[in-house]
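S.K.: got a predicted structure here, sequence first:
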Amino acid sequence: MLGVGIDWLASLAVSSALFPVEDPVTGGLLAGAPFATLGVFFVSTTILVALLGTTIGHRLAGIRVVRLRDLAPGPDGEPRLRPPGPAAAVVRTLLLCLVIPAVVWDADGRGLHDAAAGTVIIRG
């Protein structure tokens, strides 16, 4: 969850620069419009996971997202660990934005958002 927290803070920083709101508690520091922050998070996470298999937070935490089916050894005996692609990234990020799937795990310890998208988080 560290990776998602870092990604959310980055999205909040972008949102507060592009869509600032007056916040008496923080004084405007990192106070972006909530739906704008969610939109920035959705777009950045979807694009980065689809193309690179990692987000800024994932990179800092040393993890990445790959397709579950790519963990099986290929013809050369090595797994082909590729980014999940656009469709899986959209499904995964959309469910992640709903928050509940991220805190519900299956028997393997994968979040519901990863299980639905056919992805898995790996170290490296």
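M.R.: Perfect, I can see it now. If you're wondering where the values come from, they're calculated on a predicted model, not measured in any experiment. Numbering: from 1, shown residues only.

S.K.: which residues in the protein form helices?
M.R.: 2-18, 34-52, 56-61, 86-97, 112-117 (DSSP state H).

S.K.: same list (the ones you listed) but as CSV, adding mean neighbour count and mean pLDDT.
M.R.: C-beta coordinates here come from the backbone N, C-alpha and C atoms, glycine included. Below are those laid out as CSV (neighbours: other Cβ atoms under 10 Å; pLDDT from 0 to 100):
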stretch, mean neighbour count, mean pLDDT
helix 2-18, 17, 82
helix 34-52, 18, 93
helix 56-61, 17, 91
helix 86-97, 19, 94
helix 112-117, 21, 90
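
S.K.: any chance of those in a markdown table, plus distance to Arg69?
M.R.: A markdown table is the format used below for the helices of the chain (distance: least, Cβ to Cβ, whole Å):
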| stretch | distance to Arg69 |
| --- | --- |
| helix 2-18 | 22 |
| helix 34-52 | 16 |
| helix 56-61 | 20 |
| helix 86-97 | 10 |
| helix 112-117 | 12 |
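
S.K.: wait, Ala88 touches Val66, no?
M.R.: No - with contacts defined as Cβ atoms under 8 Å, Ala88 does not count as touching Val66, sitting 9.9 Å away.

S.K.: ok, back up a step: compare the helices of the chain and give me the one nearest Asp106.
M.R.: helix 112-117 (5.1 Å; Cβ to Cβ).

S.K.: which helices and strands does the closest one pack with?
M.R.: Secondary-structure packing of helix 112-117 (3 or more Cβ pairs under 8 Å, 6 or more residues apart in numbering; DSSP states H and E): helix 86-97.

S.K.: rewinding a little: need the overlap of contacts for Ala88 and Val66.
M.R.: Shared contacts of Ala88 and Val66, defined by Cβ atoms under 8 Å, 6 or more residues apart in numbering, are found at Thr119.
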